[in-house]
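*Asks:* sequence below, structure please.
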Amino acid sequence: MTRTEGRRGTTRRDGMRFWLIVAGTFAVTTAVLVAVKAPSPYLFAGVLAGGLCALSMRSPHKMPDTFRGVSLGIIGVQAGSMIDSSVVGTLAEHPGVTLGSAVATLALTLVFGQLLRISPHVRGSTATFASIAGGASGLTAMARELKADEATVVSVQYLRVLVVVLSVPLIAPLLGGGGAGSGIPASHDGYWSGLPFTGVSLLAGLALARVLTFTASKLMLPMLIALALTLLDVFPSHDVPVPILATGFATIGLMVGLDLTRDVLRKIATILPLALISLLLSLAACAGVGVLMARALGVSVFTGYLATTPGGLPAVTAFALEAGTDVGLIVTCQVLRLFLALAMGVAMAAYIKRRGSEPDSAN
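*Replies:* Model (predicted):
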């Protein structure tokens, strides 16, 4: 055996050992979060397990691009499947209120997010992508393609998701809502009944993404195909099977967690006070939008609050399903904002590319 072959063999063994440790840490973390009925356990187990391994091991690895692309596609299919005829009906019945609340939520988070620019470590495009509420995975992908400060974007986006998800169980009783959710809607048509729909949407979307390689295409194209198949009612079931959806959430979480190295945490620590101030202001403002929307439509304040929370779509959907109140309206506003957020990100990415911006990383 040559020296080069020996090094390759050692590298493969180290890589296998690393991923085995990640898998074991994820399994233990998931079991604990599920046992305590934590919201979105698979997503946050991935974040925690990835972060622990990235911080504790000498040579951490990044999530392979193949797995990352598939996970984005799964999340896209899930988002597209949420827009059925009843959701479209809700949107048609209240277009001004639903669209206005989604736009207002995006605008408020974008405005308050510009507080990040006070820090000398954050430039314009980084603050913008970090503050757009919704589509965190897609926006992170855009930030990477534009050579923005991806670590800042990831951290601020998922800090928002974390605060939203953890705050809903505390705020819900005050507004007459229910308890915590798993982040994965239950299937009503059989455990694997939605497999044909999921497989066609995912495979066709990812195949098309290899031809149409625009920003975040691996998320957007499966989402659009799933949306079309759902509205046309091609398949008897549009439920993404729980194991597949859990895998998507877990992979996204691991992708985020594995990026949280010591160097990244030191960088994020420099902007944490500004990030928290920006986040709390945007949450309060979005809650105000939710109250106004609830009064305009004659629904509960809890419904308005869930409909306008700036992030945490899977967990918010689970809370809405458990509460059993105006699920269609809540999902409509949330998914509409998700589409608008991704569309805004794509438009800004195109503008930044045309302008020929320099890499937007911290000094």
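
*Asks:* phi first, then psi, for residue 260.
*Replies:* phi -90, psi 70 (degrees, to the nearest 10).

*Asks:* ok but residue 299 is inside a strand, no?
*Replies:* No - according to DSSP: H, G, I helix; E, B strand; the rest coil, residue 299 belongs to no strand; its state is coil.

*Asks:* report how many residues lie close to it.
*Replies:* 17 (other CB atoms under 10 Å). C-betas here are computed from N, CA, C, even on glycine.

*Asks:* nearest spatial neighbour of it, skipping sequence neighbours?
*Replies:* Nearest residue to residue 299 in three dimensions, chain neighbours excluded: residue 326, at 5.3 Å (CB to CB, 6 or more residues apart in numbering).

*Asks:* was I right to think that neighbour contacts residue 302?
*Replies:* No - using CB atoms under 8 Å, residue 326 is not in contact with residue 302, being 9.0 Å away.

*Asks:* out of these two, which sits in the busier spot?
*Replies:* Per other CB under 10 Å, whichever of residue 326 and residue 302 has more neighbours is residue 302, with 25 against 21.

*Asks:* how about that one, phi and psi?
*Replies:* phi -60, psi -40.

*Asks:* any idea how far it lies from residue 247?
*Replies:* Noted for residue 302: a distance of 31 Å to residue 247, by CB to CB, to the nearest Å.

*Asks:* name the element residue 72 belongs to?
*Replies:* For residue 72, the host element (DSSP states H and E) is helix 65-81.

*Asks:* what does stretch 100-108 rub up against?
*Replies:* 132-134, 282, 285-286, 289-290, 293, 307-308, 310, 333, 336-337, 340-341, 344 (CB atoms under 8 Å, 6 or more residues apart in numbering).

*Asks:* let me see the mean pLDDT of it.
*Replies:* What stretch 100-108 shows for mean pLDDT is 90.

*Asks:* over to stretch 194-201?
*Replies:* pLDDT averaged over stretch 194-201 gives 93.

*Asks:* return the distance of that stretch from the chain's centre.
*Replies:* Relative to its chain's centre, stretch 194-201 lies at 21 Å (CA atoms, centre = their mean, to the nearest Å).

*Asks:* and that stretch, which residues are buried?
*Replies:* Buried residues in stretch 194-201, counted by 16 or more other CB atoms under 10 Å: 194, 195, 197, 198, 200, 201.

*Asks:* from those residues, which ones fall inside helices?
*Replies:* Under the assignment DSSP state H, the buried residues of stretch 194-201 contribute 195, 197, 198, 200, 201 to helices.
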